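J.: Starting from these lines, generate the structure:
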Amino acid sequence: MVQTLELKFLNENEKVVTLTVDNPTIPVDPALINQVMDKIVENNVFTSTSGMIVAKQGARLVNKEIVEIEL
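T.: From the prediction side, this is the model:
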């Protein structure tokens, strides 16, 4: 099973911007995620096509099951 951590932010135009982290350390640490997201917002680390990231919206751990199909 493949896991990703999605960090969701809002930009200047109130559009959702998602940063995806592949293979996060499990179990995830909500306090650390919160701190990192605060730093990203405070330091203008990333921009989007619709403007600077200005606020946190949320975070989620996504599990994907990949099943190869034999042809």
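J.: buried set for the longest strand along the chain?
T.: For the chain, the strand that runs over the most residues, judged by DSSP state E, is strand 51-64. For strand 51-64, burial by neighbour count (16 or more other Cβ atoms under 10 Å) applies to 53, 56, 59. The C-beta positions use only the backbone N, C-alpha and C, and glycine is treated the same way.
J.: which one among those gets closest to residue 13?
T.: The closest of the buried residues of strand 51-64 to residue 13 turns out to be residue 53 (Cβ to Cβ; 10.9 Å).
J.: I'd assumed residue 9 was in contact with that closest one.
T.: Yes - taking Cβ atoms under 8 Å as the definition, residue 53 is a contact partner of residue 9 at 4.4 Å.
J.: what is in contact with these two at once?
T.: Common neighbours of residue 53 and residue 9 are listed as 17, 40-41 (criterion: Cβ atoms under 8 Å, 6 or more residues apart in numbering).
J.: Most neighbours among those residues, please name it.
T.: Comparing the shared contacts of residue 53 and residue 9 by number of neighbours (other Cβ atoms under 10 Å), residue 17 comes first, having 20 neighbours.
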